[in-house]
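Undergrad: please work out how this folds:
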Amino acid sequence: MSGKPTIGITTYNYSPQDMMSLAVHADRLGFEGLWFGEHYVIPESYGSHHPTSAGKANEARIIDPSVRIYDPWFLLGAVAGATQRLKIGTAICIVPMNNPLILARHTVTAHDMSGGRFRLGAGAGWLKEEFDAVGVPFNQRGARLDETIEILKKAWAGGYFSHAGKHFAFDSLQISPHPVTVPLVCGGNTGPALRRVAEAADAWINSAMVTLEQALELRETIERERQARGTAARPFEYFVRPFTAEPDDVGGFLREGFDNIVLWGPNVWPNTDELSLDQKIAGLERVARDLGVTPQPRALGVFAPWS
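TA: Purely as a prediction, here's the structure:
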């Protein structure tokens, strides 16, 4: 292991009340971070399939008609204001559906408002019908993602910059007068995604959830690509999402050197109205105890209305 293991949570399909309560109590208990998924529309019919071995199951979690979708940028701001230590990020932001300059503004704002606790989880997306609905060519998503990453890095450097690319071009402008450090966490399990991870990212997070065997294979591929691209010496982190929050499952990843575990939210805080808030908090506390997450005292004077 490269350092003290961290345990984070990825969230999707939560009511606003549950989302904010989860954030505040995760912060109190010492969880490392909270990650927000991004989708904007749910097509009534679609032919796309999630690019994982559990495709249909993941699609049901993501775009079933009963799923609650909220804008991740609004949620990031709300959680930043209600927490002290919790890192916040997207897992993932569907970058090609976003204008790169507006996305740059989102990311700089999230960084500054959170005191540097924000990280951008970025991916190409998989739901063609969603791209069609917002008018972005699905077959250009990889190239748009790569070009947007280039623009974001210019914006994060601070000061004026310009860009002339295949999909985007603009004269000299400024997003931030000062540099900001936004870790770029690229997601994905496929060949093109892993090559992008090796080329441009500070970290990787897997799509959906993976077994330990899959995670080991994917890490081997990423490291091979990093060697091939001359980026192996650059600091790099792995965030992995196992199928369960059980100590035996999580422990296997930790023993193999995966120091940053991201738990699927409903495994620690069920997104159901059948349980009371106290029961959900108790479940979160149990997971924290089981996995050795260290509770953190809250400082006085912090505004946290959802606690």
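Undergrad: any low-confidence regions in the stretch 151-300 of the chain?
TA: 296-300 (pLDDT under 70).
Undergrad: would you map the strands across it?
TA: Applying DSSP state E, counting those that start in this stretch to the stretch 151-300 of the chain gives strands spanning 160-164, 169-174, 184-187, 203-205, 237-240, 260-264.
Undergrad: of all the ones you listed, which one is nearest Thr109?
TA: Evaluated over those, closeness to Thr109 peaks at strand 169-174, with 14.1 Å, by Cβ to Cβ. The way it works is simple: take the backbone N, C-alpha and C, and place the C-beta from them, glycine included.
Undergrad: could the strands of the stretch 151-300 of the chain go into TSV alongside distance to Gly8?
TA: Output for the strands of the stretch 151-300 of the chain, formatted as TSV (distance: least, Cβ to Cβ, whole Å):
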stretch	distance to Gly8
strand 160-164	32
strand 169-174	32
strand 184-187	11
strand 203-205	10
strand 237-240	7
strand 260-264	5
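Undergrad: wait, which of those strands is closest to Phe118?
TA: It is, among the strands of the stretch 151-300 of the chain and with distance given as Cβ to Cβ, strand 184-187, at 10.9 Å.
Undergrad: center of the chain, which residue is that?
TA: Per Cα atoms, centre = their mean, the C-alpha nearest to the average position across the chain is that of Ala91, at 2.1 Å.
Undergrad: isn't that one right up against Val262?
TA: Yes - shown here, Ala91 and Val262 form a contact pair, counting by Cβ atoms under 8 Å, at 7.1 Å.
Undergrad: how about the contacts made by the closest residue to Ile63 other than its chain neighbours?
TA: In this structure, Ile63 finds its nearest non-sequential neighbour in Ile42, 4.8 Å apart by Cβ to Cβ, 6 or more residues apart in numbering. Taking Cβ atoms under 8 Å, 6 or more residues apart in numbering, we find Ile42 in contact with Ile63, Asp64, Pro65, Val67, Ile69.
Undergrad: and the nearest residue to Asn260 once chain neighbours are set aside, how close does it get to Thr83?
TA: Nearest residue to Asn260, sequence neighbours excluded (Cβ to Cβ, 6+ apart): Phe239, at 4.5 Å. Distance, Phe239 to Thr83, using Cβ to Cβ, to the nearest Å: 19 Å.
Undergrad: returning to what we had before: now mean neighbour count and distance to Pro51 too, for the strands of the stretch 151-300 of the chain, in CSV please.
TA: Formatted as CSV, the strands of the stretch 151-300 of the chain follow (neighbours: other Cβ atoms under 10 Å; distance: least, Cβ to Cβ, whole Å):
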stretch, mean neighbour count, distance to Pro51
strand 160-164, 13, 29
strand 169-174, 10, 31
strand 184-187, 24, 11
strand 203-205, 24, 14
strand 237-240, 22, 17
strand 260-264, 22, 18
